[in-house]
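Participant: Got a sequence here, can you model it:
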Amino acid sequence: MLGKGHSSLVVAALLDNGKIAALKILRVDSKRDSLWEECMNLRIASVHGATPSPYLCCEDFILMDLIWGKSLRDLIEESSLTIKHILEALEAAYALDSAGILHKELHRPWRNVYYPYNSSKALIIDLESATKGCGNLTRLAQAIYVRLAGKPSSKFIESLKGYKEHCNRYYYNEIVKELMALKNVFS
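Facilitator: Residues are numbered from 1 along each chain as shown. Have a look, this model is predicted:
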């Protein structure tokens, strides 16, 4: 068992080729009817490099890449979070925005952003409540800023507003500049 949520369980599954994958299974007591929409979102988002890739889907399960690594929460608790980790998380959120998929849980990103051991980039998991839209970057960036530095600066808030309105690389870069200014938090 890798995880248990409101509507599903995630377990490790051994494939015929010897590879270990993640199997997300819809719980019988779930309020959701299907995992199909989540799988479709994963397929789109994984092409953009934001999420693990699904292999096989149906209404009751999703078989996908298993991420061996650490979560954003793990890195914070271990005091090993770096600017590089934050930039990787922001890039994954931007990729999800570019895919037009709004996660809806990235205002609490601690268990949804993972850093695989075999990769140099962050991935976002659990698109269960995702909808269409843009705003992952603003939710994630604000959560990280508040966690590390407290109340956001007015410049940071303006950058978040600009991104929310335009959802483009210019405001992404402005948000990154503001977070980079926090590097003294990591010293």
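Participant: what does the domain assignment say about the protein?
Facilitator: 3-65, 69-186 (automatic domain parsing).
Participant: Using JSON lines, lay out those together with mean neighbour count and mean pLDDT.
Facilitator: From N, CA and C alone the C-beta is placed, and that goes for glycine too. As requested, these are arranged in JSON lines below (neighbours: other Cβ atoms under 10 Å; pLDDT from 0 to 100):
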{"stretch": "domain 3-65", "mean neighbour count": "16", "mean pLDDT": "96"}
{"stretch": "domain 69-186", "mean neighbour count": "18", "mean pLDDT": "94"}
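Participant: Grab the longest helix from this structure for me.
Facilitator: As assigned by DSSP state H, the longest helix anywhere in the chain is helix 83-98.
Participant: Contacts for that helix next, please.
Facilitator: For helix 83-98, the surrounding residues in contact (Cβ atoms under 8 Å, 6 or more residues apart in numbering) are 45, 48-51, 72, 75, 102-103, 106, 109, 113, 115, 120-124, 134-137, 139-141, 144, 167, 169, 172, 175-176, 179-180, 183, 186.
Participant: Going by residue numbers, what spans are helices in this structure?
Facilitator: Under DSSP H, the chain gives helices at 36-47, 72-77, 83-98, 136-149, 154-166, 169-180.
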